[in-house]
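S.K.: sequence and predicted model, in that order:
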Amino acid sequence: MAQRTILQRLVRGFSLVAVLALVGMLLLACGEEEDVANGGNTGSGTDGTPTSQPGATPTTRPASPTTNPDLIDHPTGADDMIVKIEYAGGFVMPETLITRLPLFVLFGNGCYVVQGPQIEIYPAPALPNLQETCLSEEGVQEILARAQAAGLLDGDAEYDNDLIADAATTVFTVTAGGQTSTVRAYALELDAGMAASNMTEEQQEAREKLATFMQEMAGVESWIEPQMIVEEAHEYEIERMQLAVLPADSPSAPQIEDGLEVQTLDWPLETDLATFGAPYLTGEYTCDVVEGSELTTLMESLREANQLTHWVSGDDATPEATSEEYILYLRPLFPGEEPCAEPVS
């Protein structure tokens, strides 16, 4: 009888150990499944970062722009111009050279500026319609990859076309990949249908790639992935305005069509336009830059003006004093651009 009691106790004890062992195995299995679901990270802090526990598997994270070898290095400041497309030269009037703006500008912070559609009236509004859109770093990399494919990260180059006269040169400037490359293509947009007997196949191919890139930058929003846009197109905030001033009675002033009534506005700043700035270009013009609070004041008037507006400036407080009329040629300046510089030729 005593032997049976001892045997029963052993069986009960063995059963309890077996149950406990089985529970432990089930808990261990559940823990392993959870680790697999979490990417295999068996040791992490409360913020999800890998710990230094032995055997811990670090969580995989996207590489940063500075460590991913597939990314193209570029300046990242809001004032750093990394891609610019502009016209230079051509048989045009001086005021066209004075007011000519880049076709496309991309800054290091991912924001790019283009000229938006303008209302078709004559005379046209005084202010250009500059539109800014901001992209993520992924979007910037997409543009730089296309620039690279167009040969714009390979150093300076120049492509001529001696079959065409008096055309403008398209200038591409890209700062990326550790260098600044300037590529010039004369009469680029006039290639279609032209005989290419004056070019090698390599030159033709290079120009075609440049023309394609130029068209792509004219309509980034048509091909960029929506998730790469962090700020939709909006009016670009002008911080510096270059003004080239010309007396309205100058021989170089634009001719007024018969029947067209010229708008006149009072010059809103204290500085007299007769003494504004320094001689510019041919000497008929003077040039200076307006910014800060003065620009805020001036912008209110510029939004009412057109390209032929006569600005009345001068002291007419006494009978002996006279006021004069002037024409303004406006050129918003982007970061890094020199004020009143000679137009790009």
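M.R.: Arrived safely.

S.K.: export stretch 323-330 as PDB, just CAs?
M.R.: Coordinates of each C-alpha in stretch 323-330 appear next as PDB, following Å, rounded to 0.1, in the frame of the first residue of the first chain:
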ATOM      1  CA  SER A 323       8.400 116.100 -62.000                       C
ATOM      2  CA  GLU A 324       9.500 113.700 -64.700                       C
ATOM      3  CA  GLU A 325       8.200 110.300 -66.000                       C
ATOM      4  CA  TYR A 326      10.200 107.100 -66.100                       C
ATOM      5  CA  ILE A 327       9.800 103.500 -67.300                       C
ATOM      6  CA  LEU A 328      10.900 100.700 -65.100                       C
ATOM      7  CA  TYR A 329      12.300  97.400 -66.300                       C
ATOM      8  CA  LEU A 330      11.800  94.800 -63.500                       C
END
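
S.K.: would you say residue 141 is within a helix?
M.R.: Yes: counting by DSSP: H, G, I helix; E, B strand; the rest coil, one finds residue 141 located in a helix.

S.K.: could you report the neighbour count for it?
M.R.: Other residues near residue 141 come to 20 when the count uses other Cβ atoms under 10 Å. The way it works is simple: take the backbone N, C-alpha and C, and place the C-beta from them, glycine included.

S.K.: give me the pLDDT value at the nearest residue to residue 329 once chain neighbours are set aside.
M.R.: Counting by Cβ to Cβ, 6 or more residues apart in numbering, residue 244 is the residue found nearest to residue 329 once chain neighbours are left out, at 4.1 Å. Residue 244 is assigned a predicted lDDT (pLDDT) of 97.

S.K.: how far away is residue 244 from residue 88?
M.R.: 18 Å (Cβ to Cβ, to the nearest Å).

S.K.: the more surrounded of those two?
M.R.: It is residue 244, of residue 244 and residue 88, that has more neighbours when counted by other Cβ under 10 Å, with 24 against 15.

S.K.: checking the nearest residue to residue 177 once chain neighbours are set aside next. Helix, strand or coil?
M.R.: Counting by Cβ to Cβ, 6+ apart, residue 153 is the residue found nearest to residue 177 once chain neighbours are left out, at 4.7 Å. Of the three states, residue 153 takes coil under three-state DSSP.

S.K.: dihedrals phi and psi, residue 153?
M.R.: Phi and psi for residue 153, reported as degrees, to the nearest 10, are phi -120, psi 20.

S.K.: same thing with residue 179?
M.R.: With angles defined as degrees, to the nearest 10, residue 179 sits at phi -160, psi 170.

S.K.: ok, it - contacts?
M.R.: Residues in contact with residue 179, defined by Cβ atoms under 8 Å, 6 or more residues apart in numbering, are 153, 155.

S.K.: ok so, going back, which other residues reach the host helix or strand of the residue nearest to residue 329?
M.R.: Applying DSSP states H and E as the criterion places residue 244 in strand 240-247. Applying Cβ under 8 Å, 6+ apart, the set of residues contacting strand 240-247 from outside is 95, 98-99, 252-253, 273, 276-277, 280-281, 284-291, 295, 298-299, 302, 324-333, 339-340.

S.K.: circling back to that earlier point, run a quick neighbour tally on the residue nearest to residue 177.
M.R.: Each residue near residue 153 was counted by other Cβ under 10 Å, and the total is 21.

S.K.: residue contacts, it?
M.R.: Taking Cβ under 8 Å, 6+ apart as the definition of contact, the neighbours of residue 153 are 72, 144, 147, 174, 176-177, 179, 181.

S.K.: gap between it and residue 269?
M.R.: Where residue 269 is concerned, residue 153 sits at a distance of 44 Å (Cβ to Cβ).

S.K.: and what of residue 309?
M.R.: Remark: distance between residue 309 and residue 269 (Cβ to Cβ) = 15 Å.

S.K.: check residue 171 too.
M.R.: 34 Å.

S.K.: of these two, who's got more company?
M.R.: Higher neighbour count among residue 171 and residue 269: residue 171, with 21 against 14, using other Cβ under 10 Å.

S.K.: that one: what's it in contact with?
M.R.: Under the criterion of Cβ under 8 Å, 6+ apart, the contact list for residue 171 reads 84-88, 182-184, 344.

S.K.: next step: the residues you listed restricted to helices.
M.R.: Here DSSP state H is the test, and these give no hits in helices at all.

S.K.: now the helices for the stretch 51-200 of the chain?
M.R.: With DSSP state H, counting those that start in this stretch as the criterion, the stretch 51-200 of the chain has helices at 94-99, 137-149.

S.K.: same question, the stretch 201-345 of the chain
M.R.: Counting by DSSP H, counting those that start in this stretch, the helices of the stretch 201-345 of the chain are 201-218, 292-302.
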